[in-house]
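Visitor: can't give you the sequence, but here's the structure:
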């Protein structure tokens, strides 16, 4: 089974917008440090993408994109909630306070899944409406 060029192109544009959305969320999460540099880069990337290719359903990547850094924050807090201590080679110990990872993981997964599902449905309905491809299960 081969993947059509049109489908691959649409998904690549979706991923491009996902990266822009992820960059915006990364900029917000790190607003006191590198965020002041990340957000302008995201704005430039969004303008460039919009000028290169007229966005349609691919913009739904902006929903999934913010979920990726949120999932990463959940991963970083995987030992929480509470104090998590690690031992160094010299015998010393370092402890950090971590929050519960579950809200971060739930929100991140929800954002990623909702954006992907909405894009897949948009793509299927637009292809079906245009008569280019049949949607499996439709009669």
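Guide: Thanks, I have the structure now. Values in this document were obtained by computation on a predicted structure and should not be read as measured data.
Visitor: wouldn't residue 94 be in contact with residue 83 here?
Guide: No - at 10.5 Å, residue 94 does not count as touching residue 83 under the criterion of Cβ atoms under 8 Å. C-beta here means a position set from N, CA and C on the backbone, and glycine is covered the same way.
Visitor: Check which helix or strand residue 24 maps to.
Guide: helix 5-29 (DSSP states H and E).
Visitor: buried ones in that helix?
Guide: Using 16 or more other Cβ atoms under 10 Å as the test for burial, helix 5-29 gives 10-11, 13-14, 16-27, 29.
Visitor: Would you quantify the distance from the closest residue in space to residue 15 that isn't next to it in sequence to residue 49?
Guide: Nearest residue to residue 15, sequence neighbours excluded (Cβ to Cβ, 6 or more residues apart in numbering): residue 61, at 6.5 Å. With distances taken as Cβ to Cβ, to the nearest Å, residue 61 is found 10 Å from residue 49.
Visitor: more crowded one of the two?
Guide: residue 61 (24 against 18; other Cβ atoms under 10 Å).
Visitor: What strand or helix carries the more buried one?
Guide: Counting by DSSP H and E, residue 61 is part of helix 61-64.
Visitor: who does that helix touch, helix- and strand-wise?
Guide: helix 5-29, helix 101-130 (3 or more Cβ pairs under 8 Å, 6 or more residues apart in numbering; DSSP states H and E).
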